[in-house]
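> sequence-free structure coming up:
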């Protein structure tokens, strides 16, 4: 039986491009966390006049598809403008890699999220955030898809742990179906805060646990 | 094509020994008849003699009588029979409580879970960080309704050996039956049922260079002895009257003959050789920074080493090792079919990260001394490379 990974995936896994950190990076992002599974860091160097990505590097703590996707997105993004790079999707990355196993979608999405988060980080730092969309329940849910349920290594939404999301007047309330004293409760709380707090119109994040 | 692979996943499956295959061959091509009663045709009587011969030889390795050993299709089936069979026999007479541990292999855990769904109560004992069960907790947990305690002899992933003698004594004193899954220890780690008070023992051929698809269950004073005092156990799968009316189905005589041969080929000398390789590997691996040994330092399977490497993920490590010609296993969620991190690593209080970077090396008959340094060098190299690209663990 052939490996579940394509030749291109294996090639990028064996020889990942643009690995490492950038000294004095203009922007950076870290997606995922060691406690919960995969983790990707992305560093950007951006030309302020043309808004082009002149250099990009990544680091990965993850499986083969995570490493390969990290590698391919750096290749896809290098030389592109921020606006162009923003539109690089998981599908683009997957196609460029000759396909990824469906079961590994999560690990590869993380790398694409990492690129987007780094671009957002640049825009926030440089006052480039143009239209500020108000935070909605849907947006919160989308962000919670990046928080892992460490018990099983899948995200909170997919494992049906998110019982309720409430957004009102700058306050976001998230109810997680897990005992308060669960071994990973504190960890999950931190991660949820980390994902929701940076939203521009969010002033307060409340994470509740119900058994 | 696989000639150059250094295979270090002998806990999952082993290469069949040629001598085992030779012992099986006649029962495929010449003595292929079904085992019949003494009143049957001679081909069937010969088949019956072979089956009895294999049974006696394996039972002897456990210190058991031939009539106390039942052939099954492997350890999954053996543990199902032990747990569900005792439940069927005792639920009405005694109670609906079972005691086990959180780090058992799936046949035991999932059999217990299946009974739980039918209204049984299941207690999972506390285990310490090396994987040994808390004996005080065992003592406290057994009630008059407890029908069975099921604690493994050795752990499938981290290799920790349990103190079966102490566990057995507690079960005897409390008057409850004890089942143990010895899939990974039998017969390398001796288990003599004359000395260890255990009532049911799961064993398998696939971990000792025997064929897949054959295993067995020791049943103390099983139905063959037809004593009123025998271990209460009921048939769980319906069919014919084979295996003392405990395990129906046409007997796998080639498998049984192969299993018996495989048991006899395991020697203390060979086990000592595997243990020396294991010790050397652990020593080499712990020289790599940010690593730790999972499981017990001394009470562990002679052929098992399990190491966690921080800041890296196991599937990546495994693939890199595969490209270099080494076959190992990992407790990482990324590698498992369920995408769940190893329940053993989480069960001993490890976090997701420790499971993520854990690698299991298990030695077998066909490993050579030079394999140890070869794999240690390769692992050290790959770990360095993966840490280079990891965002974690940087100074």
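Here it is on my side, so go on. Just so it is clear, the model here is predicted, and its values are computed rather than measured.

> Return the set of buried residues in stretch B:262-282.
For stretch B:262-282, the neighbour count (16 or more other Cβ atoms under 10 Å in any protein chain shown) marks B:262-266, B:271, B:273-275, B:277-278, B:281-282 as buried. In short, each C-beta sits where N, CA and C put it, glycine included.

> Then stretch B:309-329?
The neighbour-count check on stretch B:309-329 (16+ other Cβ under 10 Å) flags B:309-321, B:324, B:326-329 as buried.

> Tell me which of those residues fall in helices.
B:314-321 (DSSP state H).

> Could you list the domains of chain A?
A:7-125, A:137-210 (automatic domain parsing).

> can you tell me which of the ones in helices among the buried residues of stretch B:309-329 are up against chain A?
When contact is defined as Cβ under 8 Å from any Cβ of the partner chain, these meet chain A at B:315-316, B:319-320.

> Quick check: mean pLDDT of stretch B:127-145?
Taken as a whole, stretch B:127-145 carries a mean pLDDT of 98.

> Likewise for stretch B:379-386?
Mean predicted confidence for stretch B:379-386 is 96.

> one step back: for the buried residues of stretch B:262-282, could you give me CSV that also reports secondary structure?
Listed next are the buried residues of stretch B:262-282 as CSV, based on DSSP: H, G, I helix; E, B strand; the rest coil:
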residue, secondary structure
B:262, helix
B:263, helix
B:264, helix
B:265, helix
B:266, coil
B:271, helix
B:273, helix
B:274, helix
B:275, helix
B:277, helix
B:278, helix
B:281, helix
B:282, helix
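
> and those residues, which two are the farthest apart?
Spatially, the most separated pair among the buried residues of stretch B:262-282 is B:264 and B:282, at 29.1 Å (Cβ to Cβ).

> Tell me who's in contact with residue B:390.
Residues near residue B:390 by Cβ atoms under 8 Å, 6 or more residues apart in numbering or on different chains: A:59-61, B:311-312.

> now do residue A:198
residue A:124 are the contacts of residue A:198 under Cβ under 8 Å, 6+ apart.

> Which positions in chain B make contact with chain A?
For chain B, the contact set with chain A under Cβ under 8 Å from any Cβ comprises B:311-313, B:315-316, B:319-320, B:323, B:332-335, B:338-341, B:346, B:351-353, B:356, B:388-392, B:394.

> Out of the residues you listed, name the ones that lie in strands.
Using DSSP state E, no member of those sits in strands.

> so of these, which ones are in helices?
Those of the residues of chain B next to chain A lying in helices (DSSP H): B:315-316, B:319-320, B:323, B:346, B:352-353, B:356, B:388.

> As a check, name the ranges of all strands in chain A.
Using DSSP E, the strands of chain A run over A:27-32, A:39-47, A:52-61, A:148-149, A:154-155, A:162-168, A:171-177, A:204-210.

> so where's the stretch 151-300 of chain B shaky on pLDDT?
The stretch 151-300 of chain B contains residues with pLDDT under 70 at B:226-228.

> now the strands: where do they sit in it?
B:177-181, B:200-204, B:215-219, B:291-293 (DSSP state E, counting those that start in this stretch).

> For those strands, could you give me JSON lines that also reports mean neighbour count?
As requested, those are arranged in JSON lines below (neighbours: other Cβ atoms under 10 Å in any protein chain shown):
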{"stretch": "strand B:177-181", "mean neighbour count": "28"}
{"stretch": "strand B:200-204", "mean neighbour count": "29"}
{"stretch": "strand B:215-219", "mean neighbour count": "28"}
{"stretch": "strand B:291-293", "mean neighbour count": "17"}
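
> helices and strands around the longest helix along chain A, which ones?
Scanning chain A for the longest helix, with DSSP H as the assignment, gives helix A:105-125. On a contact count with 3 or more Cβ pairs under 8 Å, 6 or more residues apart in numbering or on different chains; DSSP states H and E, helix A:105-125 meets strand A:27-32, strand A:39-47, strand A:52-61, helix A:64-77, helix A:82-86, helix A:90-96.

> does any bit of the first one sit next to chain B?
Yes: if you take Cβ under 8 Å from any Cβ as the test, strand A:27-32 does meet chain B, through residue A:30.

> in its sheet, what does that strand sit against?
Looking at strand A:27-32 with DSSP bridges, its partner strands are strand A:39-47 (antiparallel).

> middle-most residue in chain A, spatially?
Taking Cα atoms, centre = their mean, the centroid of chain A lies closest to residue A:113, which sits 3.3 Å from it.

> where's the nearest residue in space to residue B:153 that is not next to it in sequence relative to chain A, distance?
Leaving aside its chain neighbours, residue B:153 sits nearest to residue B:182 (4.0 Å; criterion: Cβ to Cβ, 6 or more residues apart in numbering or on different chains). Using Cβ to the nearest Cβ, to the nearest Å, we find residue B:182 at a distance of 29 Å from chain A.
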